[in-house]
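# Structural data only, the sequence is not supplied:
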């Protein structure tokens, strides 16, 4: 049975403040917890339903991790999900990787992405398209927010995500490296020349790319709309940040493929 | 001041059951409410903060709509958003359009999309790419769910969304019309021939395209992963449904553009 202190500790990790104090985060879901155990992340505790523990017994026993069987009701009390899963893990927040110094491939930069679902989804997109490094501005939502972890669907275990001062990072780059940024009046992403290595900046949901780093952008790109706009019938003003990231990454990789 | 009955009625519209009884839905946000007033939708009531009403006075007065000034606290009580906006409208749910009988362009079919954010985002994508018709299976989340409305960012006013029995609809089509569906082992979407008109089926988040309509698919497509998979380093198993929809629509339109 869960103690009051355990419940309190687990719940506290939904807040960034306590994640920073304890250097711990929550990961939920049968598949994610199982993948986490096989990863380089240090898992500290597992709380799981009887069936899950039985099914994953050998995996759990092979690792240095304490585990506790909990009831469905107890899981509901500790879960950050609207529909609780059969397994929840507490893992250690690893040391933040440093931003890459040499750019040999595509690197994604996220400039103040605020929505946890967007951050998680973009990390999943990076994983799919083999983009190994994602660099977030200091004002981007916390990577270890449970909603971010959830939306990555395990990709957080494979993509190097770090936080940095974007202006400093961009200024430190070899000046021959292309820096692509999306702007409403940028060049058509389908026809502009795209290098197979470089930086892609995704601006924030509400205000796009920050003024401080606009001068670092070497190539302004845009995803053209195909709406049949007329006087009455206007069209969508923009795409969601994660949707734009997906289409741009897809277009870069298509050319390479 | 809001009456208890008004609060009760507005809040009830967060539930599908009451939306169906009253044929009404909620729309929130300064821009959305303003766009709604200019659209063919019938707006019944507007609840807004003083400043919003002042700023939009001529627009509101020019329409046959009752409006009420509410305080910030009252808005918090009636809003379905985590951060309430300055304006909320109740509008009439229009008669559902019929599915298109002649296919002259791309049509999106959504097969049991369950997440409101995904449905809203896909409607926004359709709007951006000039796809005028979206047909949802009966088990797709309700179009008038406040989270769907929110995620469409106004595109709900421009895209024809309808619900239908997908198997019946697909079987009724001219057999020369191509039906594209995404499958893990489909042909590379970047290299397969894509017609400029046809049907694109987006499968559900958890189980892809339903068995009942698989036989209607004429062209199985897939978005290739570019992850450098190795024994240890696996990669994302799939993309989110709205991300896949975006990349596929982008690829169709790019070819046409």
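Done, it's in. What you see is a predicted model, and the numbers here were worked out from it, not measured in a lab.
# low pLDDT regions in the stretch 151-257 of chain A?
A:229-234, A:257 (pLDDT under 70).
# tally of neighbours for residue A:83?
Applying other Cβ atoms under 10 Å in any protein chain shown, we find 6 residues neighbouring residue A:83. No exception for glycine: its C-beta is placed from N, CA and C like everyone else's.
# Three-state assignment for it, please.
Under DSSP: H, G, I helix; E, B strand; the rest coil, residue A:83 falls in the coil class.
# Quick check: it vs residue A:150, distance?
Applying Cβ to Cβ, to the nearest Å, the value for residue A:83 to residue A:150 is 11 Å.
# need the helices for the stretch 51-200 of chain A, in chain order.
Ranges of helices in the stretch 51-200 of chain A, per DSSP state H, counting those that start in this stretch, are A:57-61, A:72-78, A:116-128, A:146-152, A:166-171.
# Need these in TSV (columns: distance to chain B and mean neighbour count).
TSV is the format used below for the helices of the stretch 51-200 of chain A (distance: least, Cβ to the nearest Cβ, whole Å; neighbours: other Cβ atoms under 10 Å in any protein chain shown):
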stretch	distance to chain B	mean neighbour count
helix A:57-61	15	13
helix A:72-78	20	15
helix A:116-128	4	27
helix A:146-152	8	23
helix A:166-171	24	17
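# for chain B, what are the nearby residues on the stretch 101-250 of chain A?
With Cβ under 8 Å from any Cβ of the partner chain as the criterion, the stretch 101-250 of chain A meets chain B at residues A:117, A:121, A:124-125, A:127-130, A:151, A:153-155, A:158, A:188, A:190, A:223-228, A:233-240, A:242-243, A:246-247, A:250.
# now do 6 Å
With the criterion set to Cβ under 6 Å from any Cβ of the partner chain, the stretch 101-250 of chain A comes near chain B through A:121, A:124, A:127-130, A:155, A:190, A:225-228, A:235-236, A:239-240, A:243, A:246-247, A:250.
# Output the longest strand belonging to chain A.
Longest strand in chain A by number of residues (criterion: DSSP state E): strand A:179-188.
# Residue A:166 touches residue A:214, doesn't it?
No: counting by Cβ atoms under 6 Å, residue A:166 stays clear of residue A:214, with 11.0 Å between them.
# Which residue ranges of the stretch 151-257 of chain A form strands?
Assigned by DSSP state E, counting those that start in this stretch, the strands in the stretch 151-257 of chain A fall at A:160-163, A:179-188, A:198-202, A:219-222.
# so which of the ones you listed comes closest to residue B:12?
If you check each of these against residue B:12 by Cβ to Cβ, strand A:198-202 wins as the nearest, at 38.6 Å.
# Now do the closest one and strand A:179-188, the angle between them.
Angle between the axes of strand A:198-202 and strand A:179-188 is 70 degrees (criterion: axes from the mean of the first three to the mean of the last three Cα atoms, to 10 degrees).
# neighbouring contacts of strand A:198-202?
With contact meaning Cβ atoms under 6 Å, 6 or more residues apart in numbering or on different chains, strand A:198-202 is reached by A:107-111, A:177-181, A:209, A:241, A:245, A:248.
# Closest one of the residues you listed to residue B:10?
Within those, proximity to residue B:10 (Cβ to Cβ) peaks at residue A:241, which comes in at 30.2 Å.
# Assess the claim that that closest one and residue A:119 are in contact.
No: applying Cβ under 6 Å, one finds residue A:241 not in contact with residue A:119, separated by 9.1 Å.
# quick one on the thing from earlier: out of the strands of the stretch 151-257 of chain A, which gets nearest to residue A:103?
Minimum separation from residue A:103 across the strands of the stretch 151-257 of chain A (Cβ to Cβ) falls at strand A:198-202, 6.8 Å.
# buried stuff in that closest one?
Buried residues in strand A:198-202, counted by 16 or more other Cβ atoms under 10 Å in any protein chain shown: A:198, A:199, A:200, A:201, A:202.
# quick one: the fourth one and residue B:192, what's the gap?
Yep, that's residue A:201 we're talking about. Per Cβ to Cβ, residue A:201 is found 31 Å from residue B:192.
# Check the residues of the stretch 101-250 of chain A next to chain B for burial and list the buried ones.
For these, buried by 16+ other Cβ under 10 Å: A:121, A:124, A:127-130, A:155, A:190, A:225-227, A:235-236, A:239-240, A:243, A:246-247, A:250.
# confidence score at the residue lying closest to residue A:174 once chain neighbours are set aside?
Distances taken as Cβ to Cβ, 6 or more residues apart in numbering or on different chains put residue A:103 closest to residue A:174, at 7.1 Å, once the chain neighbours are dropped. pLDDT recorded at residue A:103 is 96.
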